[in-house]
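Chemist: I'd like to go over a predicted model; first the sequence, then the structure.
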Amino acid sequence: MSDRADEGVTGADGAAVADRIGPLSPGMRLPDWHVAKVDGEKMKTTAALLRDPTPIHWDTAALRELGMGDRAINQGPLNMAYVMNMLAGFAGGYERVRRLRVRFRGNVREGDSLRAGGVVTGVRRQRADDRDEILCDCDVELSVVDGDAVLTGTATVALPGKGSGDE
């Protein structure tokens, strides 16, 4: 048996993570998740669902009046969701995201193209609920393509280990 913490790690499709993305080790980049274009209509819908009356998310006249341009500003929960999508894609499901801590550093505007990505900072094996799992700590980031990071943070995802029953 190897000393590697990630030995036997499988994704949701049953394929070995090492076969899909390579062995897990600090410094490894997570697969990017892209948003081609942030949709202003989805911001309006989200504002209604969240009961968020803040006009910067849907009222371009209010934005101009405030001197904030004429492109609506995306809600923070949507920006976090893009990072969650990236993590879930890497780990094999949303239920495998164990922790996500973020800091909002800038605005995402209607029409922006985005990239969610991350880097592995640590890998460790643990026993939980009579199952082995691999915990993968990551630094995460959401950036405007050809622009600045608008969200940074840390996350931990759990990947099933050999013999976990989740393989």
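Modeler: Okay, I see it.
Chemist: use CA for all of it now, contacts and neighbours both
Modeler: Will do.
Chemist: break this structure into its domains for me.
Modeler: What the record gives for the chain is the domain set 1-38+74-167, 40-73, from automatic domain parsing.
Chemist: please identify the most buried of those.
Modeler: Ranked by average neighbour count under the criterion mean count of other CA atoms under 10 Å, these are headed by domain 1-38+74-167 at a mean of 18.
Chemist: mean confidence for it?
Modeler: Here the mean pLDDT over domain 1-38+74-167 is 84, rounded to a whole number.
Chemist: how far does it sit from the chain's center?
Modeler: With CA atoms, centre = their mean, to the nearest Å as the basis, the distance from the averaged C-alpha position of domain 1-38+74-167 to the chain average is 6 Å.
Chemist: what about the strands in this protein?
Modeler: 33-35, 97-104, 114-128, 131-144, 149-160 (DSSP state E).
Chemist: contacts for the fourth one next, please.
Modeler: Among residues not part of strand 131-144, those counted as contacts by CA atoms under 8 Å, 6 or more residues apart in numbering are 5-6, 9, 79, 82-83, 108, 112-127, 149-165.
Chemist: how much space between Asn74 and Gly106?
Modeler: With the distance defined as CA to CA, to the nearest Å, Asn74 ends up 10 Å from Gly106.
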